[in-house]
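A.B. asks: pasted the sequence and its predicted model underneath.
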Amino acid sequence: MLSKPATILLGLICEKPLNAYEIIKQLNYMNVKWWFNIADSTVYSTLKALEKKNYIVGATEKVGNMPNRTVYSLSDKGKSEFQDTLRSSILQFNYDTNIFSIAAFFLNTFNPDEQSDLLQKRIQILSKYREGIEKQVNPIWENEVSAIHSANVRRMIDLVDAEITGTRRLLEAIM
């Protein structure tokens, strides 16, 4: 599975070939810094790592009097790894919601039927996860644990509920 920075960069490059500067501009436009802090230096180092793994291919081009720039395209190997990462990110629950947020940005990588199927499966996974947490909460258990422990378990249910709501919203958007 790809790292979060690698997933974001491959997603942007999958949409269209970009150079590092254009990627940074796109990340700023998306306001990524407010939910996932990715430094400019991370963009450059991640691009080099992706190129080394043959997930992207860099082509040097000259534009006017400007210095040469490298424009990156996704290789077949990169597209396959990217899509596998998206699928596994959608079909898991993690309290680090950035993983799913990144995958959700690039749902259009898949055809509408696969988008719908993945999101419906995610709702099922989240619902089972919620049921499992909820089994823990009962009056006997509440009396045996601290109020903070009980509140934290209920907070976990709230987070799962928020993920279910958000996933349903995405499902509605694609239909």
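C.D. replies: That came through, no problem.
A.B. asks: can we go C-alpha only for contacts and neighbour counts from here?
C.D. replies: Noted.
A.B. asks: wait, Ile174 touches Ser116, no?
C.D. replies: Yes - judged on CA atoms under 8 Å, Ile174 makes contact with Ser116 at a distance of 7.3 Å.
A.B. asks: what about these two, which has more around it?
C.D. replies: Ser116 (19 against 13; other CA atoms under 10 Å).
A.B. asks: I figured the more buried one hits Leu171, correct?
C.D. replies: Yes - the pair Ser116 / Leu171 is scored as a contact, 6.2 Å apart, by CA under 8 Å.
A.B. asks: report the buried residues of the strand or helix carrying Ala173.
C.D. replies: Using DSSP states H and E, Ala173 sits within helix 147-174. Buried residues in helix 147-174, defined by neighbour count with 16 or more other CA atoms under 10 Å: 150, 153, 156-157, 160-161, 163-164, 167, 170-171.
A.B. asks: return the helix or strand in this structure with minimum mean pLDDT.
C.D. replies: Lowest mean confidence among the helices and strands of the chain (mean pLDDT, DSSP states H and E): helix 139-144, at a mean of 86.
A.B. asks: could you check how far the residue nearest the centre of the chain is from Thr7?
C.D. replies: Among the residues of the chain, the one closest to the centroid is Ile102, at 2.2 Å (CA atoms, centre = their mean). Separation of Ile102 from Thr7 (CA to CA, to the nearest Å): 7 Å.
A.B. asks: for Lys52, same thing?
C.D. replies: 15 Å.
A.B. asks: show me which of those two is the more surrounded one.
C.D. replies: Comparing Lys52 with Thr7 by neighbour count (other CA under 10 Å), the higher total belongs to Thr7, at 23 against 11.
A.B. asks: and the strands in this structure?
C.D. replies: Remark: strands assigned in the chain by DSSP state E are 18-19, 56-61, 69-74.
A.B. asks: for the second one, packing partners?
C.D. replies: In this case it means strand 56-61. Strand 56-61 is packed against helix 40-52, strand 69-74, with contacts defined by 3 or more CA pairs under 8 Å, 6 or more residues apart in numbering; DSSP states H and E.
A.B. asks: now the closest residue in space to Glu51 that isn't next to it in sequence: how far from Leu12?
C.D. replies: The spatially closest residue to Glu51, leaving aside those adjacent along the chain, is Val57, at 6.0 Å (CA to CA, 6 or more residues apart in numbering). Here Val57 is placed at a distance of 14 Å from Leu12 (CA to CA).
A.B. asks: contacting residues for the closest residue to Cys14 other than its chain neighbours?
C.D. replies: Of all residues not flanking Cys14 in the chain, Leu74 sits nearest, at 5.8 Å (CA to CA, 6+ apart). Residues in contact with Leu74 (CA atoms under 8 Å, 6 or more residues apart in numbering) are 10, 13-14, 17, 55-57.
A.B. asks: that concludes my questions; thank you for your assistance.
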